[in-house]
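Colleague: My questions are about this predicted structure, shown below with the sequence.
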Amino acid sequence: MNANPWSKFFWNDWENDPSLRLCSFAAQGFWMRLLCLAAKSNPTGFVAVAGRPCSSTDIARLSGVSEQEVESLLGELSRNGVFSRDAQGRIYCRRMVRDNRKRQKLRQNGAKGGQASFLNGKGIFAPTEQNIEQPSEQGSEPQKPESRVHKPESKPPVGPPAKPKAEVSALAADWSLPEDWRDVAKSRGWADSAIEQQAMRFKQYFGFGKGSGIRRSDKGWRQAWLNWLDRELRIRPDAATVGQSETPIQRPNYPPLPEDLRAKLKDHYVFKETVIQRWLLPCTFDLDRGVVYAPSGFHASYLENHYGDAFFRAVGRNFKFLVKPREDVHGMAK
């Protein structure tokens, strides 16, 4: 049981989280129930019992809803990127885990502070030759040397200069997409026409829309652009290929999925044809070993984070998502 009876809750972060706002009221309420379970779990922030990941049956019993409803709500939260999973498959709240780490670090620093050092005689209050009482030459009465803090030669330690804080600003009215941002989007499989469309929507939202008051550093705005693209892919898996008909691109002729695998995926509502075409056809599958080989690190990470749970429920077993160059996977050039 977690020893912390309360924790901070940031109302604006909950209200303004775009991933959570995409979810239904039922999914938002279910996520609050999972947060209550994660707050009492050990480690804090993980939906786990005795350190092991909770199954849909476990969560159904703990939250008081049916197992079928749990799977549906978990799928909705997972598609919108509300929570994350660790290597053991445990659901966790990113904010709660960060706050817990910070709290543990503050506790460790507090244990080394002045009050603790004074009580146990260690650290800054440890006895030294200067503060041990010495007998005076004129008599046997002991006397304490002058405190070091009052000596004129005592100087405070000089530490390294503080790093200047990065300047933050709103998105400029004449903002245009930097070329390095465009190159990153292309490396993730976005077509030129789709990039232009998303850049226009990005500028409208943060330049004139609801996000016009947000201020970020240059690094923060670059990350916001990448998050924007990831969010669009969660909502529409074919968003990266919008407008390709205007500038046709020669698509590689991928081999079809194994029939038994396609049949299992078709039974799951997440794996629509657009998802299969965009994310699964470029991969190859070793069903006996339980491995999915993706053509890039981003591809493998995206599959695992956004479709890993659904893949497990559809196929009925855990799979590892690894990277193998495309020519090794399908015998074709990149």
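Modeller: Yep, that arrived.

Colleague: Could you use CA atoms for every contact and neighbour count after this?
Modeller: Noted.

Colleague: how about the nearest residue to A48 once chain neighbours are set aside, what does it touch?
Modeller: Distances taken as C-alpha to C-alpha, 6 or more residues apart in numbering put C54 closest to A48, at 5.2 Å, once the chain neighbours are dropped. Contacts were defined as C-alpha atoms under 8 Å, 6 or more residues apart in numbering; by that measure C54 touches 47-48, 90.

Colleague: quick one, what contacts the residue lying closest to I91 once chain neighbours are set aside?
Modeller: Nearest in space to I91, with sequence neighbours left out and distances taken as C-alpha to C-alpha, 6+ apart, is R85 at 4.6 Å. Taking C-alpha under 8 Å, 6+ apart, we find R85 in contact with 91-92, 305.

Colleague: list the contacts for the most centrally placed residue in the chain?
Modeller: For the chain, the residue sitting closest to the mean C-alpha position, by C-alpha atoms, centre = their mean, is R94 at 5.8 Å. Going by C-alpha under 8 Å, 6+ apart, R94 touches 45, 83-84.

Colleague: ok, now P256?
Modeller: Contacts of P256 by C-alpha under 8 Å, 6+ apart are L281.

Colleague: Tell me how far it lies from D99.
Modeller: Note on P256: its distance to D99, by C-alpha to C-alpha, to the nearest Å, is 46 Å.

Colleague: wait, is G211 part of a helix?
Modeller: No - G211 is assigned coil when assessed by DSSP: H, G, I helix; E, B strand; the rest coil, not a helix.

Colleague: give me the number of residues near it?
Modeller: 15 (other C-alpha atoms under 10 Å).

Colleague: and it, how far is that from V270?
Modeller: 30 Å.

Colleague: low-scoring stretches of this structure, by residue?
Modeller: Scanning the chain for pLDDT under 70 picks out the ranges 1-5, 111-159, 162, 242-253, 325-334.

Colleague: That one: strands as residue ranges?
Modeller: 46-49, 52-53, 84-85, 91-92, 134-135, 142-143, 284-286, 291-294, 320-323 (DSSP state E).

Colleague: Next, the buried residues of stretch 297-313.
Modeller: Within stretch 297-313, the residues scored as buried using 16 or more other C-alpha atoms under 10 Å are 297, 299-311.

Colleague: now swap in stretch 27-42 and tell me
Modeller: Neighbour-count burial for stretch 27-42 [16+ other C-alpha under 10 Å]: 27-28, 30-31, 34-35, 37-42.

Colleague: Cross those against helices and list the overlap.
Modeller: 27-28, 30-31, 34-35, 37-39 (DSSP state H).

Colleague: Mind putting the residues you listed into TSV with distance to Q277?
Modeller: Putting these into TSV (distance: C-alpha to C-alpha, whole Å) gives the following:
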residue	distance to Q277
A27	28
Q28	30
F30	31
W31	30
L34	33
L35	35
L37	37
A38	36
A39	39
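
Colleague: which of these lies closest to T274?
Modeller: Among those, A27 lies closest to T274 (C-alpha to C-alpha), at 24.0 Å.

Colleague: Please tell me how far the closest one sits from D238.
Modeller: In terms of C-alpha to C-alpha, A27 sits 24 Å off from D238.

Colleague: ditto for R61
Modeller: Distance from R61 to D238, counting by C-alpha to C-alpha: 37 Å.

Colleague: Settle it for me: which of those two has more neighbours?
Modeller: Applying other C-alpha under 10 Å to R61 and D238 shows that D238 carries more neighbours, namely 17 against 12.

Colleague: hmm, back to that, quick one: closest of the strands of the chain to R21.
Modeller: Smallest distance to R21 across these (C-alpha to C-alpha): 16.8 Å, for strand 84-85.

Colleague: and the closest one, which strands flank it?
Modeller: Under the criterion DSSP bridges, strand 84-85 sits next to strand 91-92 (antiparallel) in its sheet.

Colleague: Contacts for the strand it pairs with, please.
Modeller: Around strand 91-92, the neighbours that count as contacts under C-alpha under 8 Å, 6+ apart are 38, 45-48, 53, 83-86.

Colleague: gap between the residue nearest to the centre of the chain and F83?
Modeller: 7 Å.

Colleague: With I276 instead?
Modeller: Counting by C-alpha to C-alpha, the gap from I276 to F83 is 23 Å.

Colleague: And for T284?
Modeller: For T284, the distance to F83 - C-alpha to C-alpha - is 27 Å.

Colleague: Just want to know which of these two has more residues nearby.
Modeller: T284 (22 against 18).

Colleague: Sounds good, over and out.
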